[in-house]
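Trainee: dropping a prediction and its sequence here:
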Amino acid sequence: MGQLILFNMMSLDGFFEGKNEALDWHNVDDEFNEFTLGQLNAADHLIFGRKTYKIMVEYWPTKEAITNYPAIADRMNGTTKTVFSTTLGKANWENTKLFQNEVLKVVGELKKSSERDILIFGSANLSETLIKNGLIDVFRIMINPVILGSGNPLFLNAIKQMDLNLITVNSFKSGNVLVEYTPK
């Protein structure tokens with residue numbers, strides 16, 4: 001059975017997006033890309049909400065992405081993907097299925113049928129639904145050495161306190177710190 005891993009970049013003050021959905025503060029370098037490739041190689045499925053899907057599909061299939069990050073682009077493009085949206089009419093990215101509802105049923109089935117990790121990137125609204133329903137197995141958060149002051153908080157609508165067990169802490173030369181938790 002696969003583990004559903006929520007991965008997100010986050011500022012020190014808790015934002016996953018800056019003001020006006022800015023992501024230019026993401027602290028990405030060769031060490032981060034190596035981590036990313038390892039994370040993707042351990043997974044057999046990616047899950048997105050509409051906004052994150054649109055960001056990903058606008059970049060990873062492009063010549064720029066394939067030229068600059070060939071191994072990561074290969075995994076992003078080749079891995080099976082599920083996108084949840086009530087407003088998208090179609091999902092054109094290769095290996096992508098679009099669902100308009102039944103999030104809990106579809107994700108539950110994916111977890112049962114998957115032998116490897118299932119990753120959810122970004123997708124704060126979708127993640128919130130999965131958190132509220134106890135479907136996230138691992139919270140993998142990359143804290144960037146920046147204070148944004150405003151933006152979109154990663155855990156905006158947590159409905160109750162959730163105690164977590166720390167499983168890993170890794171620091172990167174860039175100043176990024178990766179923390180991983182499981183729900184208690």
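Mentor: Structure's in. What do you need? Numbering: from 1, shown residues only.

Trainee: number of residues surrounding Glu109?
Mentor: Neighbour count of Glu109, defined by other Cβ atoms under 10 Å: 11. Every residue, glycine included, has its C-beta placed from N, CA and C.

Trainee: any idea which element it lies in?
Mentor: Under the criterion of DSSP states H and E, Glu109 resides in helix 103-113.

Trainee: neighbouring strands for the following helix or strand past that helix, and are they parallel or not?
Mentor: Elements were assigned by DSSP H and E; along the chain past helix 103-113, the next helix or strand is strand 117-121. Applying DSSP bridges, strand 117-121 is found paired with strand 4-11 (parallel), strand 43-49 (parallel).

Trainee: relative to the whole chain's centre, how far out is strand 117-121?
Mentor: Relative to its parent chain, strand 117-121 has a centroid offset of 6 Å by Cα atoms, centre = their mean, to the nearest Å.

Trainee: relative to helix 103-113, how tilted is it?
Mentor: Strand 117-121 and helix 103-113 are oriented at 150 degrees to each other (axes from the mean of the first three to the mean of the last three Cα atoms, to 10 degrees).

Trainee: can I get strand 117-121 in CSV, CA atoms only?
Mentor: What follows is strand 117-121 as a C-alpha-only set of coordinates in CSV (Å, rounded to 0.1, in the frame of the first residue of the first chain):
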residue,chain,number,x,y,z
ASP,A,117,4.8,6.6,-2.7
ILE,A,118,2.0,8.9,-3.9
LEU,A,119,3.0,12.6,-3.9
ILE,A,120,0.9,15.7,-3.6
PHE,A,121,2.6,18.9,-4.5
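
Trainee: what's that strand in contact with?
Mentor: Residues outside strand 117-121 that contact it (Cβ atoms under 8 Å, 6 or more residues apart in numbering) are 2-8, 39-40, 42-48, 52, 56, 107, 110-111, 126-127, 130, 136.

Trainee: adjacent strands (with direction) for the lowest-mean-pLDDT helix or strand in the chain?
Mentor: Ranked by mean pLDDT, DSSP states H and E, the helix or strand of the chain with the weakest confidence is strand 152-153, at a mean of 90. In the sheet, strand 152-153 lines up against strand 15-17 (antiparallel) (DSSP bridges).

Trainee: the inter-axis angle of the next helix or strand after the strand it pairs with versus strand 43-49?
Mentor: Scanning forward in sequence from strand 15-17 by DSSP H and E, the next helix or strand is helix 30-41. Interaxial angle, helix 30-41 versus strand 43-49 (the same axes, to 10 degrees): 100 degrees.

Trainee: list the buried residues for helix 30-41?
Mentor: Phe32, Phe35, Thr36, Gln39, Leu40 (16 or more other Cβ atoms under 10 Å).
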